[in-house]
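everything below, folded, please.
(2 chains)
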Amino acid sequence: GDSVTQMEGPVTLSEEAFLTINCTYTATGYPSLFWYVQYPGEGLQLLLKATKADDKGSNKGFEATYRKETTSFHLEKGSVQVSDSAVYFCALSLDNTDKLIFGTGTRLQVFP
Amino acid sequence: EAQVTQNPRYLITVTGKKLTVTCSQNMNHEYMSWYRQDPGLGLRQIYYSMNVEVTDKGDVPEGYKVSRKEKRNFPLILESPSPNQTSLYFCASSLAGTGGNYGYTFGSGTRLTVV
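Below is the predicted model:
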């Protein structure tokens, strides 16, 4: 079935380090891909998205490129801040549905 | 402010005692959904609704009920809660027919403990 696989966390980094969180997917058809972020004690918020192959989503210094050939949508940021500490979820939606399928989430901890 | 409001934020209850978690949105969204979040499992969909009086099962519907009598409200009902329903619950809404491409709006969550 359709699914999303994320790297396990926690990911622990020092401030200003480079971040990569891996995400791969399995889907029939042509999914849209998303990254959501969950700050402590809050609901999820949409961080960025890409709706077709080779699209790059970006927001708040984060980027992810929709790679159809490797079925991946890795999240990157060049210089993380303490305030980026959160849980990051990769997700997909399929043509003709409004359902989001989530990965298991990756916790990021950034230390000063 | 556009938002999804869930209540309560925290709830401790005993096995078998019926409870309802409320969810309300003020964005006129057609699509609403309930998820549960468990460590190592991510978010799993419980039920969803495409519009008033239209509801359907998600991936883990057992032990839950929902209703959609009004567009803004989508309550989650646990008729006879059990300890395996201890979890963090999220309600979400979006425009229907968009494949989630405009983003889901999530509530702040309800942490339920069943003892």
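
state the distance from A:Gly41 to A:Leu108.
A:Gly41 sits 16 Å away from A:Leu108, going by CB to CB, to the nearest Å. C-beta: built from backbone N, CA, C; applies to glycine.

and what of A:Gln6?
Distance from A:Gln6 to A:Leu108, by CB to CB: 12 Å.

overlap of the contact sets of the two?
A:21, A:88 (CB atoms under 8 Å, 6 or more residues apart in numbering or on different chains).

ok, the two, which is more surrounded?
With neighbours defined as other CB atoms under 10 Å in any protein chain shown, A:Gln6 and A:Leu108 compare such that A:Gln6 has more, 24 against 20.

how about the more buried one: what's its closest non-neighbour residue?
A:Gly103 (3.8 Å; CB to CB, 6 or more residues apart in numbering or on different chains).

tell me which residue lies nearest the centroid of chain B.
The geometric centre of chain B, computed from its C-alpha atoms, lies nearest to B:Trp34 (CA atoms, centre = their mean), at 2.8 Å.

tell me the contacts of B:Leu41?
By CB under 8 Å, 6+ apart, the neighbours of B:Leu41 are A:Thr104.

what sits against the spatially closest residue to A:Ser3 that is not a sequence neighbour?
Once flanking residues are discounted, A:Ser3 sits nearest to A:Thr26: 5.0 Å by CB to CB, 6+ apart. Contacts here follow CB under 8 Å, 6+ apart; on that basis A:Thr26 touches A:1-5, A:71.

helix or strand for the closest residue to the residue nearest to the centre of chain B other than its chain neighbours, which one?
Excluding its sequence neighbours, the residue lying closest to B:Trp34 (CB to CB, 6+ apart) is B:Ile46, at 4.3 Å. According to DSSP states H and E, B:Ile46 maps onto strand B:42-51.

ok now the helix or strand following that strand, how far from the chain's centre?
Going down the chain from strand B:42-51, the next helix or strand is strand B:54-57, by DSSP H and E. How far strand B:54-57 lies from its chain's middle: 12 Å, per CA atoms, centre = their mean, to the nearest Å.

which residues of chain A lie near chain B?
A:32, A:34, A:36, A:41-46, A:49, A:51, A:89, A:91, A:93-100, A:102-105 (CB under 8 Å from any CB of the partner chain).

who are the packing partners of the strand holding B:Ile46?
Contact here means 3 or more CB pairs under 8 Å, 6 or more residues apart in numbering or on different chains; DSSP states H and E; on that basis strand B:42-51 packs against strand A:101-102, strand B:31-38, strand B:54-57, strand B:65-66.

let's see 10 Å
Using 3 or more CB pairs under 10 Å, 6 or more residues apart in numbering or on different chains; DSSP states H and E, the elements in contact with strand B:42-51 are strand A:86-93, strand A:101-102, strand B:31-38, strand B:54-57, strand B:65-66, strand B:76-78, strand B:87-94.

what sits up against the helix or strand following the last one?
Read it as strand B:87-94. The helix or strand immediately downstream of strand B:87-94 is strand B:105-106, counting by DSSP H and E. Residues outside strand B:105-106 that contact it (CB atoms under 10 Å, 6 or more residues apart in numbering or on different chains): A:36, A:38, A:42-46, B:2-4, B:6, B:25-27, B:29, B:32-33, B:35, B:43, B:90-95.

partner strands of strand B:105-106, with direction?
Using DSSP bridges, the strands paired with strand B:105-106 are strand B:87-94 (antiparallel).

now the partner strand: buried residues?
B:87, B:89-94 (16 or more other CB atoms under 10 Å in any protein chain shown).
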